[in-house]
Structure formats: C-alpha cells, structure tokens
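>>> fold the stuff below for me.
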Amino acid sequence: METLSKVIVERESTVPRGWPDQVTAPWAWTGRDFEGDEGDGKYVIQLSASDVGDVEQALESFKKTGGGPGDVSRTSFPLPPFLQRRFEVVAKNLHSGYGFSVIRGLDPRQYTALENVLIYLGITSYIAPHRGVQDSGGSMIIHVKDLGRIIPDSELRQSPYARNAQPFHNDVCDILAMYVQETAAEGGESHVTSAAQIYNEIAVTRPDVIHTLSKNDWIFDKHRTPAYWNTRALLFNFDGKGPGFCFSRRPITGSPTSPRSPGVPPMTEVQAEALDIVHFVGVKHQLTLELQRGDIQLINNLAVFHARNGFRDSISQRRHIIRLWLRNDELAWPTPGGLKRTWFEKYGESERKNIAKWNIEPGASRERVLYRSDSCS
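Here you go, the predicted model:
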C-alpha cells in the first residue's frame, strides 16, 4: 500500500524586519468603536445653516473672479476663520486620526452642476488642496453614476459607471473625496475598514502573509495589447506612519468587465490566499456608512479601504457621486518608492495633468465606460 507523504510548508513566524508587530495609532480601529448613539459624531462634521451661508457667500465671491474650477483655492474661495479651523481639524483627522470623515449639511439640489463643483472644490481646498488627475484623458473629476440607461449594450461596465457591488479596495491617491449628489433608490451603502487593523490581525495570526503582501512581485495587468504589466507590492511600511495598502483586485485577478489579458502571468496560490485574507479580515472590522444626499465623504486612501453595496436606481432617484483625488502636501504620508511613478502621474507635471479637464456634468465615452487600461499600478 502506498503511503501519502506529508507536505510541510514552512512559513515565516514573524513579520518582516523593520515592520511593527502591531499598530497602535488612532487609524487602527474596528467598526465596533463607532457603535451607539454617539458613533457617527466621531467622524461626521455637521454644517449649520450659518456655515452653509458662509460657504454660499464664498461661492459668490469666487464667481466675481470669473475663474473656472481649476482656479478655486483658499484665496479665491474665502471662508471665515472659524470654518477654516473646522476643516483643518478634518485634515488632521484624515492624516493622523481615524482616517475618514463626513461633512454633512449641504443640499446639492439648491445649486447648479457648476456651483456644486465649485463648492466642493472650495471646501476641500482647506483640507487637501492638491488635486490629482484621474485617468489618461486628463479628467480631474469623475462622476460615479450608473450609465447603463445611457450607453446601449453596456452590461459589462467599469465600476464607476455600473451598479454592482465593489469589494474593499484603494484608489490611487492620498485622499479620496466623494460628494453625494443623490443616493440610490435602494442599496449602495458605503463601507470603510481600517488597513492598520487588518495588518494587526494578520501580523498575529499569519505573519507569513505580511511577507507575501509586501513583496514587489505582484503583477498588475495594464490591459493593453500586446500584453503589458508591471510589478510592485500591495502593502507598504510608510515612514513614520507604519503599514498601509494601495491596491484593487481588478488588475491583479481580472474581472468580468476586465478579463485578465492573454500572456499576463497568473498570480500564485499563495498570493490568492493573501488577497482573500485581507478582504475577509476587512469585512470583519468594517463600518457601514449611511451616506446622505449632500454628504462629502473623505478617506485617507492609504490607511482606510472602502467598498460599496450593489444598488438599484429608480427613474426619479439615481445614485450620483462626484469623485476627487486629493493630497495635502504638508500632512501627506510619505510616498514610498513603489508608488512614486504613479503619484507623479496623478499629482506631478505629467502628460495627463497637462491635458487636465473638468467634467462638470456626468457622462463618459463608450470606450471609457466599457474598457479601461488605467489601473491601480
């Protein structure tokens, strides 16, 4: 009778040298930390009617300059010192606190599409004034909205233009901002989860996975012909801040809307397991945010993952979010070497930035909706 030999897999029993055993910073939290009646008060900044009046006064002041969206700044959109200080507190919370905030109290139905963009840029100029370009076409604004009614034969649409659920991921920016113009008729809830808390649990239970996530051998499909890809880590040890992530699953695993390109090497079973561990630990510690029309959600993209539920629109109520990629150069986490090229594309004087354009109204070309070579790279 044949005997089956036991395969022994040797795994690292400690985290990589120079990495912390645990993160004890404020951005290491679990959803339970925000339970109870006072939970949302820890991250929601409620604007009063007087505050909104000050914002509207700043809008009128900016209009007199005759400038466009790219000209909005702290100087051209003057807010009173008290409101400036409140937004500066938000900026500090994003970079050295919980890592996410919600500014509440605006009613986008009271303004034109352009006015909403100007107000959004004006407020965020006091939080993270450096704006990043979001695609190869130079888009400084992305309208996250299901375009299935507009683009025919587009059942497989890219995520900003679809209504399907999105797993936990990062964008490619320092601060992710989303201004809710309208919520869905049903679903579409936002989830956030702490990257540091995910790290802490994996560091204790599976330190070998920290090694896997921090290696520079993860393959990112660039969805080009002929096949082209680059490699980098998913997990970085940010100088002075500790571990943080930057990745989304699509360019690594492929998806129905973006199948893996022929000729791109597959990820390993060890990597597949690591991805799933990150996701399910994230779900375990997630916080669900019931965003309202007019909310501005702000996330430290390197410290906090985000996800969304699938949703359903109605004829009279269609989910619509305006997305910005922002950076506060004074408070930003130091950009690691593995992300510097991508950060230059977004925030530097790159070819993309030189053709910057401001899309005030929602919509996108059929090619942008169906095909995407831009990725978290």
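>>> against Asp51, how distant is Phe247?
37 Å (Cβ to Cβ, to the nearest Å). (C-beta placed from N, C-alpha, C; glycine too.)
>>> which of these two has more neighbours?
Phe247 (23 against 19; other Cβ atoms under 10 Å).
>>> what is the neighbour count of Gln134?
Quick note: Gln134 (other Cβ under 10 Å) scores 23 neighbours.
>>> Pro243 too?
25.
>>> check Arg109 too.
Arg109 has 10 nearby residues by other Cβ under 10 Å.
>>> next up, the contacts around it.
Arg293 (Cβ atoms under 8 Å, 6 or more residues apart in numbering).
>>> any idea of the pLDDT on it?
On pLDDT, Arg109 comes in at 97.
>>> using the three-state scheme, assign it.
Using DSSP: H, G, I helix; E, B strand; the rest coil, the structure places Arg109 in helix.
>>> quick one: it and Ser248, what's the gap?
32 Å.
>>> please apply the same query to Pro336.
17 Å.
>>> more neighbours: which of these two?
Legend: neighbour count by other Cβ under 10 Å for Pro336 and Ser248, higher for Ser248 (22 against 17).
>>> can you show me the strands along the stretch 251-377 of the chain?
Applying DSSP state E, counting those that start in this stretch to the stretch 251-377 of the chain gives strands spanning 287-289, 296-300, 304-308, 311-312, 320-327.
>>> can you list contacts of stretch 273-284?
By Cβ under 8 Å, 6+ apart, stretch 273-284 touches 30, 167-168, 193, 197-198, 201-202, 206, 209, 212-213, 234, 245, 249, 252-253, 267, 305, 307.
>>> likewise stretch 90-106?
With Cβ under 8 Å, 6+ apart, stretch 90-106 has contacts from 25-27, 29, 40, 42-48, 51-52, 55, 119, 123, 126-128, 175, 192, 194, 289, 291-292, 294-300, 303-304, 328, 331-333.
>>> which residues does Thr288 contact?
Per Cβ under 8 Å, 6+ apart, neighbours of Thr288: Gly31, Glu189, Ser190, His191.
>>> the host helix or strand of Leu94 versus strand 296-300: what angle between them?
For Leu94, the element it lies in under DSSP states H and E is helix 81-96. Relative orientation of helix 81-96 and strand 296-300, computed by axes from the mean of the first three to the mean of the last three Cα atoms, to 10 degrees: 40 degrees.
>>> average model confidence for helix 81-96?
In this model, helix 81-96 has a mean pLDDT of 98.
>>> check the offset of it from the chain's centre.
Between the centre of helix 81-96 and the centre of its chain there are 19 Å (Cα atoms, centre = their mean, to the nearest Å).
>>> helices of the stretch 101-250 of the chain, residue ranges please.
Ranges of helices in the stretch 101-250 of the chain, per DSSP state H, counting those that start in this stretch, are 113-124, 195-205, 207-214, 250-253.
>>> surely Trp229 and Val264 touch.
Yes: using Cβ atoms under 8 Å, Trp229 makes contact with Val264 at a distance of 5.1 Å.
>>> could you pull up the residues touching Asn309?
Here Asn309 is in contact with Ala165, Gly187, Gly188, Glu189, His191 (Cβ under 8 Å, 6+ apart).
>>> what does Leu324 give?
Leu324 neighbours (Cβ under 8 Å, 6+ apart): Tyr120, Leu121, Thr124, Arg131, Gly132, Met140, Ile141, Leu176, Ala177, Met178, Tyr179.
>>> narrow the contacts of Thr288 to those in strands?
Ser190, His191 (DSSP state E).
>>> can you get me a residue count around Val278?
As a burial measure, Val278 scores 25 neighbours (other Cβ under 10 Å).
>>> what's the answer for Asn230, then?
15.
>>> skip the chain neighbours and tell me the closest residue to Glu115.
In space, Glu115 comes closest to Leu59 once its chain neighbours are excluded; the distance is 6.2 Å by Cβ to Cβ, 6 or more residues apart in numbering.
>>> quick check: the one you found vs Val72, distance?
Distance from Leu59 to Val72, by Cβ to Cβ: 10 Å.
>>> about what we covered before: can I get the strands of the stretch 251-377 of the chain in a markdown table with mean pLDDT and distance to Glu10?
Conversion of the strands of the stretch 251-377 of the chain to a markdown table gives the following (pLDDT from 0 to 100; distance: least, Cβ to Cβ, whole Å):
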| stretch | mean pLDDT | distance to Glu10 |
| --- | --- | --- |
| strand 287-289 | 95 | 37 |
| strand 296-300 | 98 | 36 |
| strand 304-308 | 96 | 30 |
| strand 311-312 | 84 | 45 |
| strand 320-327 | 97 | 41 |
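>>> of those strands, which approaches Pro81 most closely?
Using Cβ to Cβ as the measure, strand 296-300 is the one of the strands of the stretch 251-377 of the chain that comes nearest Pro81, at 20.4 Å.
>>> neighbouring contacts of the closest one?
27, 90, 94-95, 99-104, 106, 120, 123-124, 127-128, 174-180, 190, 192, 289, 291, 306, 333.
>>> same list (the helices of the stretch 101-250 of the chain) but as CSV, adding mean pLDDT, distance to Leu79 and mean neighbour count.
Compiled in CSV, these are given as follows (pLDDT from 0 to 100; distance: least, Cβ to Cβ, whole Å; neighbours: other Cβ atoms under 10 Å):
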stretch, mean pLDDT, distance to Leu79, mean neighbour count
helix 113-124, 98, 7, 22
helix 195-205, 98, 31, 21
helix 207-214, 98, 41, 20
helix 250-253, 87, 38, 21
